[in-house]
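Peer 1: here is the input, now give the coordinates:
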Amino acid sequence: MRRDQVWLTVTVVLVCAIIAFSLSQWLSFPGKVPYSAKNPKELGVKAFYLFVEKRGKKVGLWESGYNQLPAAGGNTLMVISPQGEALSQADVKDLRHWVQMGNQLVLWAPVDSDWVKAFRLKGEECLASSNFRFVIPRQNDPWLGKVQLLEWTGDQCVSPNDETRPLLVDREHHTLVAEQIIGRGRIVYIPEVSLVTNDRIDQADHIALLLSLIENRPGTIWFDETVHSLSSQLVQPPKKSDELSEAPPNSEMPEPSMPSFFSLIGNDAWPILLQLIFLVVLWLYAKGKRFAAPRFERVKEKRNALEYVEAMAVWYSRSGIRKEALMIQHQELRKEILETLRLPRKISDESLSRQIEQCIGTDFRRAYDELTSTIVQVVSSKRNISQAAFIQWSASIQELRKELEQWKNTPRISAASRL
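Peer 2: Presented below is the predicted three-dimensional model:
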């Protein structure tokens, strides 16, 4: 086979592979959208959808306009972290009328969302020392009364007003969950969206909170997918003609600006443009233009297993390696504690000690602080570490890691876990 034919075959195979990869990414897009009921990843809410289905409730995906919502009462619409354009006045009117008929709208959105503003809801800052908040129910509901602890990672809560009333508050009397009564229905607002994601739905008493929203609803639980559609993620809808007609008659029309090159290229054209650039580079490489001729690399010699063992033995025999090994073990222990308690890496030692005592216990915190102080003093000193001391401190670190693993695997006792 000639050189030109080889490169032609390679080019065709690469183009087919790129096209297949692009199609797979396009078809799998709904399964990757954050907070979508079709997404099984960490930021999806498919676990919530399947949980409602396993409870024997009627559940479905809502992908139509809000003016087509079922007129019967008792239904629920879950709107989780809506994206795209703000609600139109017609959509707000349709949703409010639908709620008045005895239905429930559950809105999971940050306080700066356009949905929150559309329903005249407000938020306020509510800082706390820990991500876990003990809550107090404000309404008489059996499942709501079982909610005692929530993992609230954000610092925003609901700002109470005359139109809303609290459902759950923390010990500092910050409103975490609120409702707005409209006719025979209600709008429930929760500003912390992470409570319902796949990776946190089973934390604390999140399940009990979800059951308080769906258990007493006889109708269908709808998950709104129109706020997570492909068009809302990529393309913004054009303005309607009636919006342009609302401009004052004497107002000056803005002069059209010259479109840039990037604005002329749509989202669908970018993969084609990248493929063309890649093909040009391949053609230049095949013709030897601006690149050297193809040259195969020589086989590199690698060390065998015995040489690696000898090198590691020499490395560990150095006098100062015990300090380095001890410091690495302590850093790994600290990293595991931060990952277990879901704490930031740049947290101070004092804040870390408080979090350890609050979540794990005083004994573990005292042992960790004493071990940390000892290791810092030993590593900073000029004296070498004896073999017996090195083995003793390494065993202490390993013991703390075992206690941490045992605490991690111990199920948390909560009201939701008794289901």
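Peer 1: pLDDT-wise, which helix or strand of this structure ranks last?
Peer 2: Least confident helix or strand of the chain, by mean pLDDT, DSSP states H and E, is helix 241-245 with a mean of 37.
Peer 1: max-length strand in this protein?
Peer 2: Longest strand in the chain by number of residues, with DSSP state E as the criterion: strand 175-182.
Peer 1: contacts only, for the nearest residue to residue 359 once chain neighbours are set aside.
Peer 2: Once flanking residues are discounted, residue 359 sits nearest to residue 341: 5.6 Å by Cβ to Cβ, 6 or more residues apart in numbering. C-betas here are computed from N, CA, C, even on glycine. Contact analysis of residue 341 by Cβ atoms under 8 Å, 6 or more residues apart in numbering lists 355, 356, 359.
Peer 1: quick one: residues contacting the residue sitting nearest the centre point of the chain.
Peer 2: The C-alpha lying nearest the average C-alpha coordinate of the chain belongs to residue 43 (Cα atoms, centre = their mean; 4.1 Å). Counting by Cβ under 8 Å, 6+ apart, residue 43 makes contact with 34, 35, 197, 198, 199.
Peer 1: just residue 356 next, same as before
Peer 2: Contacts of residue 356 (Cβ under 8 Å, 6+ apart): 337, 341, 364, 365, 368.
Peer 1: ok, which stretches of the stretch 101-250 of the chain are strands?
Peer 2: 104-108, 123-125, 132-137, 149-151, 156-158, 165-170, 175-182, 185-190, 220-224 (DSSP state E, counting those that start in this stretch).
Peer 1: show me the shaky parts of the stretch 301-419 of the chain.
Peer 2: 301, 303-320, 412-419 (pLDDT under 70).
Peer 1: now flag whichever of the contacts of residue 43 is closest to residue 271.
Peer 2: Among the contacts of residue 43, residue 34 lies closest to residue 271 (Cβ to Cβ), at 21.9 Å.
Peer 1: quick one on the thing from earlier: next step: the contacts of residue 341 restricted to helices.
Peer 2: 355, 356, 359 (DSSP state H).
Peer 1: could you dump the strands of the stretch 101-250 of the chain to TSV with distance to residue 378, mean pLDDT and mean neighbour count?
Peer 2: Shown next, in TSV, are the strands of the stretch 101-250 of the chain (distance: least, Cβ to Cβ, whole Å; pLDDT from 0 to 100; neighbours: other Cβ atoms under 10 Å):
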stretch	distance to residue 378	mean pLDDT	mean neighbour count
strand 104-108	50	90	24
strand 123-125	43	86	15
strand 132-137	35	88	18
strand 149-151	37	88	20
strand 156-158	44	89	24
strand 165-170	43	89	20
strand 175-182	46	90	21
strand 185-190	49	91	22
strand 220-224	56	89	22
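Peer 1: to residue 49, which of these lies closest?
Peer 2: Closest approach to residue 49 among those (Cβ to Cβ): strand 220-224, 5.8 Å.
Peer 1: then that closest one to PDB, C-alphas only?
Peer 2: Output of strand 220-224 as PDB, limited to C-alpha atoms (Å, rounded to 0.1, in the frame of the first residue of the first chain):
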ATOM      1  CA  THR A 220     -49.100  13.100  39.900                       C
ATOM      2  CA  ILE A 221     -45.700  14.300  40.800                       C
ATOM      3  CA  TRP A 222     -44.300  16.100  37.700                       C
ATOM      4  CA  PHE A 223     -40.600  16.900  37.200                       C
ATOM      5  CA  ASP A 224     -40.300  20.000  35.000                       C
END
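Peer 1: pull up the pairing partners for that strand, direction included.
Peer 2: According to DSSP bridges, strand 220-224 forms sheet pairs with strand 58-62 (parallel), strand 76-80 (parallel).
Peer 1: in TSV, list those strands along with distance to residue 203.
Peer 2: As requested, those are exported to TSV (distance: least, Cβ to Cβ, whole Å):
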stretch	distance to residue 203
strand 58-62	22
strand 76-80	17
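Peer 1: of those, give the one that comes closest to residue 51.
Peer 2: Nearest of the strands paired with strand 220-224 (Cβ to Cβ): strand 58-62, 9.4 Å.
Peer 1: show me what that closest one is in contact with.
Peer 2: 37-38, 49, 52-53, 69, 77, 219-226.
Peer 1: and those, which two are the farthest apart?
Peer 2: Most distant of the contacts of strand 58-62, by Cβ to Cβ, are 38 and 219, 21.9 Å apart.
Peer 1: could you pull out the helices for this structure?
Peer 2: Under DSSP H, the chain gives helices at 3-27, 46-54, 89-100, 114-118, 206-214, 230-234, 241-245, 261-264, 269-287, 305-316, 321-341, 349-359, 362-380, 387-409.
Peer 1: give the buried residues for the third one.
Peer 2: To tie it back to what came earlier, the one meant is helix 89-100. Using 16 or more other Cβ atoms under 10 Å as the test for burial, helix 89-100 gives 91, 92, 94, 95, 96, 97, 98, 99.
Peer 1: please tell me the pLDDT value assigned to the last one.
Peer 2: You'll see residue 99 listed with a pLDDT of 90.
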